[in-house]
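> Kindly generate the corresponding structure for this input.
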Amino acid sequence: MEELAASVDLFLHKPREIEDQKRICAACAADKNKCICKDDRRDRKATKRRTRLLHMRGVTLGVCAHWMPRKDRPCGFPPPPGRKWCREHDPELCGRDERMPCPIDPSHKIFKRDLEAHLKVCETRKDRERILGRPWYSEGCNAGGSGELGNDKEMGEKELLDKLRLAASDKVGEGATGVKSKRARHKTQASLIVDTALRMAPSLLNGDDVAVVDLGAGKGGLADAVVANKQPGAVVFVERESRRHKADGKLRRLEALEVERVRGDLADIDLARVGTLRGRVCVGVAKHLCGSATDLALNAFVALSDARGVAVATCCHHRCEWSSYVGRDYFRKQIGGSAADFARIARWSSWACQVENGNTGEHAAPVCADDLRDYTTSQKREIGRRCKALLDAGRLDFLRRHGLAGSRRAYCDVELSPENWLLVAERCVPCADAVLPVVRKSPCSPVLPRKFEEGVCGCVVI
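Sure thing, here's the model as predicted:
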């Protein structure tokens, strides 16, 4: 009770303590009672009131006529000669401040008034001009896919599902799990990809002068995990975007390791003309290349005459396109469908990454209400897994025909990544229907485009 009484007494006397506190002038730091500074608060309030009244009467006083209600004052910018408002608030000039997508690269926006000046200094245009002069540039050399395009009639949904059940498995991958942060998750995924690839192909990184090609490298975390396991002779990063905090600087400090970054689209890069890869045995790695980017990477890698093997973690099968898919022959053999059937299979594959309530999950496309309407969420997830397995099987068949035999295995648990399948293939004895890679005698010789019956589609991977 005594403590309670003391607390109540302290609470009651608190206002008195506040009143007894010394008030200090902010200008001279003296006692407020002894301060001789002029108190101009009333003058400032009077000036503000007078400015508001004059502004309501249309008198600008040398400033913009726009009144800002939140700040309760007029805009402080001076208007141009003969104008009432500043350039930001002038009704006749405000249309020039509208933003529009850049005609060269719609991923960024610019002011309409700056269109002509921006077209001369746009970084995307400068990057494209620099890429055109690179020795490895060959427009559309990897964009044609593989196999006949065909134009067969679209089959029914039930018939397509029956053929899908016979052609593909619905097995769910399992493996290591456990993450705490996004950064730790990506690092764990990279190390698991390397460990799984070496278990499936133990001789993949054997030798001293092996070149690792990180396709769609991003910051280069996967190649960094490869170097941490066993240091190769060279590392080549292939990425079309500029990235910060890359692993290049860390790897360049290592002795006896040659590092090169090739910045360009996988559809236009001829790896056989990259100087660092010349005369070396090449091993390709890739982590979560979305959709058609995986097909472009495989198409680019098999053109190397010294390709030993490849390890690719696939991702986002719903972004695959028939025009750039490398397993068209396998798809037509197993399903017998057309481009429209392939589009449905690719769209259904996103159901494998849906969460329990049927909403869109990570690495999944938006749910289409018209797809598989008579099936439950668990049945749709099973169909999605079969679709992913079918598309990956077509890629493995493409690698087999180019002398790289491999298989598909899960490298981690679905809790760590819903896209947890890894394609690993290494050099073997070419089969009867194998397609020999394009061999060029020297980098200075004229580059002939790869021959496809359908030609180069020039598709752009998002």
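> which residue ranges form the helices in the stretch 1-150 of the chain?
Secondary structure of the stretch 1-150 of the chain (DSSP state H, counting those that start in this stretch): helices at 2-20, 41-56, 115-121, 123-132.
> where in the stretch 301-450 of the chain is pLDDT low?
Along the stretch 301-450 of the chain, segments meeting pLDDT under 70 span 355-371, 429-450.
> for it, what spans make up the helices?
Defined through DSSP H, counting those that start in this stretch, the helices belonging to the stretch 301-450 of the chain, from first to last, are 328-334, 339-348, 377-401.
> Which one, of the ones you listed, ends up nearest to residue 159?
With C-beta to C-beta as the criterion, residue 159 lies closest to helix 339-348 of the helices of the stretch 301-450 of the chain, at 9.5 Å. Bear in mind the C-beta positions are built from the backbone N, C-alpha and C, glycine included.
> so where do the strands sit in the protein?
For the chain, the strands defined by DSSP state E cover 67-68, 73-74, 99-101, 109-111, 210-215, 234-239, 258-263, 281-290, 307-315, 404-410, 421-427.
> Same list, these, but as a markdown table with mean neighbour count and distance to residue 393 please.
Compiled in a markdown table, these are given as follows (neighbours: other C-beta atoms under 10 Å; distance: least, C-beta to C-beta, whole Å):
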| stretch | mean neighbour count | distance to residue 393 |
| --- | --- | --- |
| strand 67-68 | 14 | 64 |
| strand 73-74 | 16 | 69 |
| strand 99-101 | 11 | 39 |
| strand 109-111 | 14 | 42 |
| strand 210-215 | 26 | 20 |
| strand 234-239 | 24 | 25 |
| strand 258-263 | 18 | 30 |
| strand 281-290 | 24 | 17 |
| strand 307-315 | 25 | 11 |
| strand 404-410 | 19 | 7 |
| strand 421-427 | 24 | 10 |
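> mind putting those in TSV, distance to residue 139 included?
Formatted as TSV, those follow (distance: least, C-beta to C-beta, whole Å):
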stretch	distance to residue 139
strand 67-68	53
strand 73-74	57
strand 99-101	24
strand 109-111	27
strand 210-215	18
strand 234-239	16
strand 258-263	15
strand 281-290	20
strand 307-315	22
strand 404-410	26
strand 421-427	27
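> partners of the residue lying closest to residue 118 once chain neighbours are set aside in the sheet?
With sequence-adjacent residues excluded and distances taken as C-beta to C-beta, 6 or more residues apart in numbering, residue 118 is closest to residue 110, at 4.7 Å. Note on residue 110: beta-bridge partners residue 100, judged by DSSP bridges.
> shouldn't residue 110 be in contact with residue 104?
No: using C-beta atoms under 8 Å as the test, residue 110 is too far from residue 104 to be in contact (9.9 Å).
> contacting residues for the closest residue in space to residue 301 that isn't next to it in sequence?
The shortest distance from residue 301 to any residue other than its chain neighbours is 4.4 Å, reached at residue 284 (C-beta to C-beta, 6+ apart). Residue 284 makes contact with 212-213, 215, 297, 301, 307, 309-312, according to C-beta atoms under 8 Å, 6 or more residues apart in numbering.
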